[in-house]
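Q: kindly generate the corresponding structure for this input.
(one chain, ligands or ions: 1)
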Amino acid sequence: MFRLFFRRKPRRAPVNARVEALRAQAKAELPPRLAELAALHGFQYRKIFIKNNVSNWGSCSSLKNINLNLRLVELPRELQDYVMLHELCHLKYLNHGKEFHALLESVCPGHRELARRMKEYKIR
Ligand SMILES: [Zn+2]
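A: Purely as a prediction, here's the structure:
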């Protein structure tokens with residue numbers, strides 16, 4: 001009886017069809033757009049990872065890898081670009097200091113208004 005109890009497989013979360021559909025769309029759409037924006041503005045990153053998390057829309061590591069949330073594809077195009085350009089600027093400044101914002105404004109004019117609009121969207 002104990003054995004039966006302990007041998008039971010851990011319960012796995014059911015594969016969420018919606019998340020998998022978003023992941024497929026994100027993998028098809030986000031890497032080419034990030035590459036395009038990077039080339040346009042002279043940024044060089046190492047790798048892009050598509051993540052499924054609720055903590056951020058994107059992040060940039062000190063190893064120059066960029067992580068993007070798969071739910072970005074549900075946002076308007078200009079906000080997708082804003083997030084990607086924001087993370088690309090972190091390749092040069094790993095903070096939100098003055099230089100970071102000046103650089104971001106130069107590649108993404110009106111970025112503060114776009115940042116404000118991002119607040120209307122929650123990662124679900
Ligand atoms: Zn940032």
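Q: got the contact list for stretch 69-89?
A: Outside stretch 69-89, the residues that touch it by Cβ atoms under 8 Å, 6 or more residues apart in numbering are 19, 22-23, 25-27, 29-30, 33-34, 37-38, 41, 43, 45, 50-53, 56-60, 66-68, 100, 103-104, 107-108, 111, 114-115, 117-118, 121, 123-124. Any C-beta I mention is one placed from the backbone N, CA and C, and that applies to glycine too.
Q: look up phi and psi at Glu120.
A: phi -70, psi -10 (degrees, to the nearest 10).
Q: that one and Ser106, how far apart?
A: Between Glu120 and Ser106 the computed distance is 25 Å (Cβ to Cβ, to the nearest Å).
Q: could you list the low-pLDDT ranges of the chain?
A: Applying pLDDT under 70 to the chain flags the ranges 1-15.
Q: quick one: contacts for the spatially most central residue of the chain?
A: Relative to the mean C-alpha position of the chain, the nearest C-alpha, by Cα atoms, centre = their mean, is the one of Leu68, at 1.9 Å. Applying Cβ under 8 Å, 6+ apart, we find Leu68 in contact with 26, 30, 34, 48-51, 57-58, 83-84, 87.
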